[in-house]
Every structure is written in structure tokens, then in C-alpha cells.
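Novice: What follows is a predicted structure for the sequence shown.
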Amino acid sequence: MSGRQRGQGNPKLRAAWFDAAYEILATQGYGGLKLAPLCRRLGVTTGSFYYSFANWPEFTDALLTTWLEQRTRQTVAIVNEYDDPVVRLGMLLEASTALLHRSEAAIRVWAGTDERVAAVQREVDHDRYQVVVEAMAALVGEERADAYATWAMSTLVGSEMLAATHGTEHLGWSLQQIVEAAR
């Protein structure tokens, strides 16, 4: 049985690995995300890791796929269930402020050095942008929706990149200003 088959059979164990990885990304950056520190953080041996994953690339691919699905695509699916663009943008605002900003920033830096990570980052950015532009189009028209979506995405990404030194306390307020301007 491969590590992929074993690990997929225990989603709680995989989630623990991913949560620990997000913590390392938030505190040490992508350079700190290595097998030994990950095992230490969980208080387990490397054998436990290989019970869940066949190898390190499989782990990082699964981590990034989970990040894409849980932090973007699930939110987009939920938001798209609502017709009212203001409600949709409010939900996106809440989801955006709840993101793991320091981890997100570390993934963005990591994407600058690893094309596999960059490909997933582009998917995340595309999906997040698209849901915002669609909601904005209903408020400001299609000709201005791109500008508003770019403004919102730039605010989110900028806040993430500053999170290590300035926190994200003002992100919700900033995004709310964009929604108010659109209304």
C-alpha cells in the first residue's frame, strides 16, 4: 500500500500535518518547512510522516491542494450560492479576514522559488479574483469590476505581506471601504 493510500485513509492525521505546516510557514517561512521540524512540532517520528505520505513532494503537493480547496474553492462555492452581490462581498470579506495571513504570505514567497507552488498560487489568485470581479460587476458594472477586484485583491495580498510586522487588524476595515465605494 502506498503512502498516498494510507494517508488518504486518515483525514484527521493529514489535517494535523497540514496544520503544523501552516504554523511553521507562519512562524519560520517556507525555508523552515522541513521534515524534522514538522515532526518535532507534532511530537512524532519520521515514520509517522511516511505512514501518511510517500515522500516530501507528495506532502507539499497535498498541502497546497488542500490550501487551494479549503481556503479558496470551498469559500467560492459557498459564496456563489447567494445572488445578492453585497452579501457575497460581505462573506468574502469575512473569509478574507479569517485567512492564515502569515502562512499565506509565506506560500506567496515560496511561489517565487518553486514553480509547482507558483502554479497553485496562480489558481488561488485567479479563483479569488474571479469571485470578487463577478460580485463587483453586479454593483459597479463590468467595465469597472476589474478595477475594484484588483483593488480588493491588492489590499488582501498587501495585508498578508505586512502581517508579520503590522498584523491584519485593519484588513476588514480596508475591504469594507472597497465594498462601500462600490455600493
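Specialist: In hand now; what should we look at?
Novice: Just want to check the distance between Ser103 and Ala137.
Specialist: Going from Ser103 to Ala137 by CB to CB, to the nearest Å gives 30 Å. Any C-beta I mention is one placed from the backbone N, CA and C, and that applies to glycine too.
Novice: Could you check which of these two has the larger neighbour count?
Specialist: Ser103 (23 against 17; other CB atoms under 10 Å).
Novice: Which residues are in contact with Ala181?
Specialist: Going by CB atoms under 8 Å, 6 or more residues apart in numbering, Ala181 touches Tyr148.
Novice: In which helix or strand does it reside?
Specialist: Ala181 belongs to helix 171-182 when assigned by DSSP states H and E.
Novice: Let's see the distance spanning stretch 98-116 from one end to the other.
Specialist: End-to-end distance for stretch 98-116: 25 Å, by CA to CA, to the nearest Å.
Novice: now it: how far from the chain's centre is it?
Specialist: 8 Å (CA atoms, centre = their mean, to the nearest Å).
Novice: do the same with stretch 22-30
Specialist: Worked out by CA atoms, centre = their mean, stretch 22-30 lies 13 Å from the chain centre.
Novice: Not counting its neighbours along the chain, what's nearest the residue nearest the centre of the chain?
Specialist: Nearest to the mean C-alpha position of the chain, by CA atoms, centre = their mean, lies Arg71 at 4.6 Å. Once flanking residues are discounted, Arg71 sits nearest to Leu99: 6.3 Å by CB to CB, 6 or more residues apart in numbering.
Novice: Look up how far Thr165 lies from the one you found.
Specialist: For Leu99 relative to Thr165 (CB to CB), the value is 17 Å.
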